[in-house]
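Q: A predicted structure for the sequence below; I have some questions about it.
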Amino acid sequence: MAVDTQTIVKLRQMTGAGMVDCKKALEESAGDLDQAVDILRKKGEAKAAKKAERATNEGIITFAESDGKVAYVALKSETDFVARNEDFVAAGQELAQKLLTMNAEEFQVFADAKIKNELVVKIGENIQLGDHGVVAGNVVGSYLHSNKKAAAIVTLSTGTKELAAEVAMQAVAMRPDYVKPEDVPADVIAKEKEIAAEQLKQEGKPAEIIEKILGGKLNKFYEDVCLVKQVFIKDDKQTVENYVKSIVSDAVVTSFVRIEL
């Protein structure tokens, strides 16, 4: 029998199963929704909907690289046990590879089908697509922490992937918010100055001294939140900016992305 699209969509919403599986189940049940649900459950296709509300606090981050681009995908699971599952890890790697070759809409469709119709059914946990994207630049380097739950991608104006990867390690370890001071929004700077000024006022510093001290306070703030101004974790005698230039004199950090589960 012919099954209308509206009924197929309704069954999909009820079960989380794929459109094709819903259509087949409805044809098999002669359009009976309840029976179609039972058919999907017996086949294991309705597992996704039953798991969808569970928290996904574990998972892995995967990378794929090609032609000066790095794709990253965070795939989230309920348990660390599943995050180490071979099928789960392989799926994360496949998703990152697909992201390199697909536009955002195509990738979302592919990822949704892969997760709901394959992974959830096969593994039996709630699995969700987390942060994902593609980073491109003149020089792109990436770093993935050993637990696969924290990562960063850095772009340089020139230099090597290895140098960019070292800076990416810094971004994972020290969690900066901006690349350089010029990137910090004016309202954030104003707020920091306001807080510092009030602290100095409470300490009894006169107004003319406060204004002089604020510059140093602001520089300290930049050292905390700006990647290039941070003390380099591999050499605490120089900043990230100076370290990069000591390796490649004209290299500049142009961007970074930090990904965490």
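A: Arrived safely. Just so we're clear, the structure is a prediction, and the values are computed from it rather than from any experiment. Numbers count the residues shown, from 1 in each chain.
Q: looks like Lys201 contacts Ile210 (just checking).
A: Yes. Lys201 sits in contact with Ile210 when judged by Cβ atoms under 8 Å, with a separation of 6.6 Å. Heads up, the C-betas are built off the backbone N, CA and C, glycines and all.
Q: quick one, which of the two is more surrounded?
A: Using other Cβ atoms under 10 Å as the criterion, Lys201 and Ile210 rank with Ile210 on top: 18 against 12.
Q: A strand includes Gly31, no?
A: No. Assigned with DSSP: H, G, I helix; E, B strand; the rest coil, Gly31 falls outside any strand and is coil.
Q: which parts of the stretch 51-200 of the chain are strands?
A: 58-66, 69-77, 128-136, 139-144, 150-156 (DSSP state E, counting those that start in this stretch).
Q: nearest to Leu99, of those?
A: strand 69-77 (4.0 Å; Cβ to Cβ).
Q: CA atoms only: put that closest one into CSV for me.
A: Listed next in CSV are the C-alpha coordinates belonging to strand 69-77 (Å, rounded to 0.1, in the frame of the first residue of the first chain):
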residue,chain,number,x,y,z
LYS,A,69,42.4,22.3,6.0
VAL,A,70,41.7,20.4,9.2
ALA,A,71,38.2,19.2,10.0
TYR,A,72,37.3,18.5,13.6
VAL,A,73,34.4,16.5,15.0
ALA,A,74,33.4,15.9,18.6
LEU,A,75,31.3,12.8,19.0
LYS,A,76,29.6,12.5,22.3
SER,A,77,28.6,9.3,24.2
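Q: what helices or strands is it leaning on?
A: Applying 3 or more Cβ pairs under 8 Å, 6 or more residues apart in numbering; DSSP states H and E, one finds that strand 69-77 makes contact with strand 58-66, helix 86-101, strand 128-136, strand 139-144, strand 150-156, strand 253-260.
Q: contacts for it?
A: Residues outside strand 69-77 that contact it (Cβ atoms under 8 Å, 6 or more residues apart in numbering) are 56-65, 83, 88, 91-92, 95-97, 99-100, 123, 125-136, 140, 142, 151, 153, 257, 259, 261.
Q: weed out the non-buried ones from those residues.
A: Among these, the ones that count as buried by 16 or more other Cβ atoms under 10 Å are 56, 58-65, 83, 88, 91-92, 95-97, 99-100, 123, 125-130, 132, 134-135, 140, 142, 151, 153, 257, 259, 261.
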